[in-house]
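J.: Next come a sequence and a model predicted from it.
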Number of protein chains: 2
Amino acid sequence: MLLRQRKPANAVREKIDEAIAEKLDMETLCSSGKSFHIADFGCSTGPNTFIAMQNILESVERKYKSQCPTSQIPEFQAFFNDQASNDFNTLFTTLPLDRQYLVARVPGSFHGRLFPDSSLHFAYSSTALHWLSKVPEELLDKNSASFNKGRIYYSNTLDKVVDAYSSQFAKDMEIFLDARAKELVAGGMLVMTMPGQPNGIPCCQTGMGMMIDYLESCFLDMVNEVSTPPK
Amino acid sequence: MLLRQRKPANAVREKIDEAIAEKLDMETLCSSGKSFHIADFGCSTGPNTFIAMQNILESVERKYKSQCPTSQIPEFQAFFNDQASNDFNTLFTTLPLDRQYLVARVPGSFHGRLFPDSSLHFAYSSTALHWLSKVPEELLDKNSASFNKGRIYYSNTLDKVVDAYSSQFAKDMEIFLDARAKELVAGGMLVMTMPGQPNGIPCCQTGMGMMIDYLESCFLDMVNEVSTPPK
């Protein structure tokens, strides 16, 4: 999974670099001279999160040097966020020794507020926003037309199931964007990367779809094993 | 250990409350309306750290209400600091559900910088500053007049050993205070509580001294067990 994530992380690095160079508003920041706060929403246990943090820091630093040549480079403070149940102990003990930023970890769901108003300059989330806040209830309800019959995803199933997932994703994204809008300073930036699939390709033919289908069949085998009495 | 710490925590609560009421400079804070940042240096794995955080928050809130009656109460952000090897997973999963503050954890030694310049409004450290950054080297050096002969503390030993610990403590405190001075905003506050012993009472007669003497004898038994070949 780490290697799966590193390839897209490298691929988007250039795009993030361009976006920072073109769009990050340095005017207020140059004059305030305060510290620069970067947050990674859904950081998991690294090490990719540290590579991404370092890349963003270097891009911002380049922009500072070109746009605010007379100002001192600000101190960088990096906030790593994930669920409180994430293994932060592992993350904490693998911090790069040569990092040029101060570190803080923020536990909690990114489907809600995590930072004070106007306190972040750069927020990003890499390969994390596909995690929903919950399973849509109708998928578990035997009396619903969207009942998913014990399956764990929308691959090879009813359109109504796809709609239920899609509707939950829309609600979750609205909550995510609303929270980040309050937390970002004026002129700050939010970058999100997430897996997608080309139009017209069914989910069961994508890498993610195939992986989840296998995972589902393993789960079902395990469930059958405990629910069938031993011979 | 938790109960040992809770009693002094309750005893100092009133003193901290008084200090905030009398000395915390609200003038700048009332006008800025920004979030209020509290840091606990050496938080361990709680739950006492949450009780202390809640008490401080309530004291600050009372002061806000009385001194800045027309301002909105700021958002509180609590930073829990301890060594990167601290069990933050346990700390994260025992966060009070009804807390009125945003949470971040900051891994790293408090004998050094952990936060950006002028970014904390209230810093405190409870029963943590007695931990030194390292064992003074001369205590481990057989050729030194301060050699501590494998002992782990300054109870029942040479005055020179006490001096070595004392000198390390002075160096560590200077580094701690220097770092916090840079991290606190002007008008912010630092509160430190730590165990002490009355003048004239030898260390071996204090609770801490006796506990460490027992601990030392257990360690020595264990060392002897592995260094003596089994019969």
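T.: Nice, I can see it. None of these values were measured; they are calculated from a predicted model.
J.: can we go C-alpha only for contacts and neighbour counts from here?
T.: Noted.
J.: and the longest helix along chain A, which residues are buried?
T.: The longest helix of chain A (DSSP state H) is helix A:159-183. Within helix A:159-183, the residues scored as buried using 16 or more other C-alpha atoms under 10 Å in any protein chain shown are A:160-162, A:164-165, A:168-169, A:172-173, A:175-176, A:179-183.
J.: ok now it, how far from the chain's centre?
T.: Distance of helix A:159-183 from its chain centroid, counting by C-alpha atoms, centre = their mean, to the nearest Å, is 13 Å.
J.: Same question for stretch A:204-224.
T.: Averaging C-alpha positions (C-alpha atoms, centre = their mean) puts stretch A:204-224 23 Å from its chain's average.
J.: okay, now A:Asp117: neighbour count?
T.: By the criterion of other C-alpha atoms under 10 Å in any protein chain shown, A:Asp117 has 18 neighbours.
J.: what helix or strand is it on?
T.: A:Asp117 is located outside every helix and strand, with elements delineated by DSSP states H and E.
J.: what about it, distance to B:Glu61?
T.: 18 Å (C-alpha to C-alpha, to the nearest Å).
J.: can you check A:Ala19 too?
T.: 41 Å.
J.: just for chain A, where's the confidence low?
T.: Scanning chain A with the threshold set as pLDDT under 70 gives A:1-9, A:28, A:30-33, A:230-231.
J.: Surely A:Val103 is within a strand?
T.: Yes - the assignment for A:Val103 (DSSP: H, G, I helix; E, B strand; the rest coil) places it in a strand.
J.: Write out the residues of chain A neighbouring chain B.
T.: Residues of chain A lying close to chain B (C-alpha under 8 Å from any C-alpha of the partner chain) are A:35, A:75-77, A:79, A:84-89, A:92-93, A:102-107, A:114-117.
J.: tell me the phi and psi of A:His94?
T.: One correction, residue A:94 is Thr, not His. The phi/psi pair for A:Thr94 (degrees, to the nearest 10) reads phi -110, psi 20.
J.: ok, now which ones touch it?
T.: Counting by C-alpha atoms under 8 Å, 6 or more residues apart in numbering or on different chains, A:Thr94 makes contact with A:Pro47.
J.: SS state for A:Gln100?
T.: coil.
J.: in chain A, which spans are strands?
T.: Shown for chain A, the strands assigned by DSSP state E span residues A:36-41, A:76-82, A:102-107, A:120-126, A:184-193.
J.: can you list those in JSON lines and add mean neighbour count and distance to A:Ser133?
T.: Formatted as JSON lines, these follow (neighbours: other C-alpha atoms under 10 Å in any protein chain shown; distance: least, C-alpha to C-alpha, whole Å):
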{"stretch": "strand A:36-41", "mean neighbour count": "24", "distance to A:Ser133": "14"}
{"stretch": "strand A:76-82", "mean neighbour count": "23", "distance to A:Ser133": "13"}
{"stretch": "strand A:102-107", "mean neighbour count": "24", "distance to A:Ser133": "15"}
{"stretch": "strand A:120-126", "mean neighbour count": "22", "distance to A:Ser133": "15"}
{"stretch": "strand A:184-193", "mean neighbour count": "17", "distance to A:Ser133": "17"}
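J.: Between the buried residues of helix A:159-183, which sits nearest B:Leu97?
T.: Nearest to B:Leu97 out of those is A:Ala179 (C-alpha to C-alpha; 19.3 Å).
J.: if I look at the closest one, how far off is B:His111?
T.: 35 Å.
J.: before we move on, what about A:Thr193?
T.: To B:His111, A:Thr193 is 37 Å away according to C-alpha to C-alpha.
J.: again, but for A:Asp117
T.: 30 Å.
J.: same question, A:Gly150
T.: 53 Å.
J.: Give me the more crowded residue out of these two.
T.: B:His111 (20 against 12).
J.: doesn't B:Lys171 make contact with the more buried one?
T.: No - when contacts are counted by C-alpha atoms under 8 Å, B:His111 is not listed as touching B:Lys171 (9.6 Å).
J.: overlap in contacts of these two?
T.: By C-alpha under 8 Å, 6+ apart, no residue touches both B:His111 and B:Lys171.
J.: so who does A:Gly209 touch?
T.: A:Gly209 is in contact with A:155, A:203, counting by C-alpha under 8 Å, 6+ apart.
J.: circling back: out of the strands of chain A, flag the one nearest B:Asn156.
T.: Nearest to B:Asn156 among the strands of chain A is strand A:102-107; the distance by C-alpha to C-alpha comes to 41.0 Å.
J.: Now do the longest helix of chain A against strand A:36-41, angle only.
T.: Angle, helix A:159-183 to strand A:36-41, by axes from the mean of the first three to the mean of the last three C-alpha atoms, to 10 degrees: 160 degrees.
J.: ok, and what's touching helix A:159-183?
T.: A:110-120, A:123, A:129-130, A:132-133, A:135-136, A:138-139, A:145-148, A:154, A:190.
J.: No further queries at this time; thank you.
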